[in-house]
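Visitor: build me a structure from this.
(one chain, ligands or ions: 2)
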Amino acid sequence: MTKQDFLQITDFNSAELREIFHLAKEIKRLTKEGRCPKPLEGLSLGCIFHKPSLRTRISFEVGISQLGGHSLYITKNEIDLGVRETIADAAQVLSRYLDGIVIRTFSHKDVEELAEYASVPVINALTDFTHPCQVISDLMTIEEHLGTYEGCTITYLGDGNNMARSWINAARRLPIKVRIGTVPDRHPGELVDIAKTEGADVEVIHDAAEAIAGAHVVYTDVFASMGEKQEAEERANLLKAFQVNSALMAQANPKAIVMHCLPAERGREITDEVIDGDQSVVFDQAENRLHAQKAILVTLLG
Ligand code: CP
Ligand code: NVA
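Guide: Ligands and ions are numbered 1, 2, ... in the order given. Predicted structure coming up:
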C-alpha cells in the first residue's frame with residue numbers, strides 16, 4: 001500500500017474528510033470515557049518543529065501516546081533539516097526509524113520535498129502556506145456547535161495568511177461558503193482563483209461589515225504570523241478595520257460563533273470582550289486539536 005501524506009486539506013477527498021470527522025468524534029467520546037483505543041501501539045512519530053507551538057506540538061505528542069505510540073520532539077538543533085544534509089537524505093534516513101513525521105516549518109516546498117522522499121506519512125503541522133490540521137479540528141468544532149458545517153458561511157477576517165488559505169482549501173472539498181475579509185495588500189493569493197475555477201464558494205471582500213454579514217462563523221487569526229512579528233505594528237494599522245470587536249460583531253448574525261486558532265494577540269485582531277464572550281468557542285477548538293490530531297494519526301499510520 002502506498003503511504004498517504006497530509007500536506008493540505010485537498011490531500012483528502014470529501015468522503016475521507018467526513019470519515020476523519022467521524023473518527024475524531026468517536027475517539028473523543030471513547031477518550032472521555034477513559035477507553036481511548038490504542039491502534040498505534042509501538043509506533044514512533046517524529047515531530048520536527050522549526051517554529052514554536054503550544055497546541056499542535058502538545059496535541060500530537062499527547063495524542064500519539066494516548067493511541068499507544070510515542071513521539072520524538074526534533075528541533076533545528078538536532079537535524080538542521082536541509083542544512084546539515086539534504087532534505088532528501090534526511091527523509092530517507094528518518095523513514096528507516098519512524099512510522100510518521102509531523103513537521104512545522106517556514107517553506108511549504110521543504111515539506112513537499114520531505115514528503116516526496118519519505119516512505120512514511122508526512123503531516124503538515126503548519127507552513128507559511130497552510131495549516132490544514134487546524135481546520136480539521138475547526139470543522140469538527142463547528143459541527144459540535146452548529147450541528148453541521150454544510151451550508152455554513154465562514155467569514156475569516158484579517159491577514160490573508162496560512163489560515164485563510166486553509167479555509168479556502170476546505171471550501172474546495174466541502175459544501176461551505178468562505179468569505180475572506182482583508183485589505184488588497186493582504187489578499188491570500190492565487191489559491192482564490194484556483195478554488196473559484198473549481199467551483200468552490202470563495203470570495204475576498206475588502207469591507208469588514210460586508211464580509212461579516214450573514215456569517216455563521218466569524219474566524220480570525222494574528223495579523224502577523226510567526227516569522228513576521230517585526231511587521232506586527234504596521235499590520236495592526238493596515239488591518240485595524242478587520243478587528244473582531246463588539247461593534248463589528250453587532251453586524252453579524254447574533255447566533256454566529258467566534259473562532260480563533262490561537263495564540264491570539266488580544267487587543268489586535270480580536271478584543272477581550274469578544275474572545276471571552278458568549279459567542280466564542282476558542283477553547284473548544286483548542287481541545288479538539290487533540291481529538292482531530294488522533295483521527296489524522298489513525299487514518300495515516302493505523
Ligand atoms: N493553533 C496552533 O497551531 O497553535 P500552536 O501554534 O500553539 O501550535
Ligand atoms: N498564522 C499563524 C497561525 C498560528 C497557529 C502563524 O503562522 O503564526
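Visitor: next, the buried residues of the helix or strand where I194 lies.
Guide: Using DSSP states H and E, I194 sits in helix 191-197. Within helix 191-197, the residues scored as buried using 16 or more other Cβ atoms under 10 Å are 191-192, 195-196. All C-beta spots, glycine's among them, are computed from the backbone N, C-alpha and C.
Visitor: contacts for that helix next, please.
Guide: Outside helix 191-197, the residues within contact range by Cβ atoms under 8 Å, 6 or more residues apart in numbering are 165, 168-169, 171-172, 180, 202, 204.
Visitor: residue contacts, A125?
Guide: 47, 49, 53, 56-57, 60, 102-104, 131, 133.
Visitor: returning to that earlier point: for the buried residues of helix 191-197, which one is nearest ligand 1?
Guide: Nearest to ligand 1 among those is L191, at 19.5 Å by Cβ to the nearest ligand atom.
Visitor: please tell me how far the closest one sits from V111.
Guide: The spacing between L191 and V111, counted by Cβ to Cβ, to the nearest Å, is 16 Å.
Visitor: beyond the helix or strand bottoming out on mean pLDDT in the chain, next helix or strand please.
Guide: Of all helical and strand segments in the chain, the minimum by mean pLDDT, DSSP states H and E falls on helix 76-79, at a mean of 92. Using DSSP H and E, the helix or strand that follows helix 76-79 in sequence is helix 87-97.
Visitor: for stretch 206-225, what is the average pLDDT?
Guide: Regarding stretch 206-225, the rounded mean pLDDT is 98.
Visitor: close to ligand 1: what parts of this protein are there?
Guide: Residues of the chain lying near ligand 1 by Cβ under 6 Å from any ligand atom: 53-56, 126, 134, 261-263.
Visitor: among the residues you listed, who's most crowded?
Guide: L126 (28 neighbours; other Cβ atoms under 10 Å).
Visitor: tell me who's in contact with it.
Guide: Contacts of L126 (Cβ under 8 Å, 6+ apart): 51, 53, 56, 104, 133-134, 162.
Visitor: also near ligand 2: which of those residues, exactly?
Guide: Contacts with ligand 2 are made by N162 out of these, judged by Cβ under 6 Å from any ligand atom.
Visitor: so which of the contacts of L126 are in strands?
Guide: By the criterion of DSSP state E, membership of the contacts of L126 in strands covers R104.
Visitor: ok, L23 to T141 distance?
Guide: For L23, the distance to T141 equals 15 Å [Cβ to Cβ].
Visitor: neighbour count winner among the two?
Guide: Ranked by neighbour count (other Cβ under 10 Å), L23 and T141 place T141 first, with 25 against 18.
Visitor: confidence score at that one?
Guide: Per-residue confidence (pLDDT) for T141: 98.
Visitor: same check on M1?
Guide: Looking at M1, its pLDDT is 70.
Visitor: measure it to L300 for me?
Guide: Counting by Cβ to Cβ, the gap from M1 to L300 is 11 Å.
Visitor: neighbour count: the two, which is higher?
Guide: L300 (19 against 3).
Visitor: that's a strand at that one, yeah?
Guide: No - counting by DSSP: H, G, I helix; E, B strand; the rest coil, L300 is not part of a strand but helix.
Visitor: so it sits against I123, correct?
Guide: Yes - contact criterion Cβ atoms under 8 Å: L300 and I123 qualify, at 6.8 Å.
Visitor: near ligand 2, which residues of the stretch 101-250 of the chain are found?
Guide: 126, 131, 161-163, 221-222, 225-226.
Visitor: how about a cut-off of 5 Å?
Guide: In this structure, the stretch 101-250 of the chain approaches ligand 2 at residues 161, 221, 225-226, judged by Cβ under 5 Å from any ligand atom.
Visitor: for ligand 1, give me its nearest residue in the stretch 101-250 of the chain.
Guide: Nearest residue of the stretch 101-250 of the chain to ligand 1, counting by Cβ to the nearest ligand atom: Q134, 5.4 Å away.
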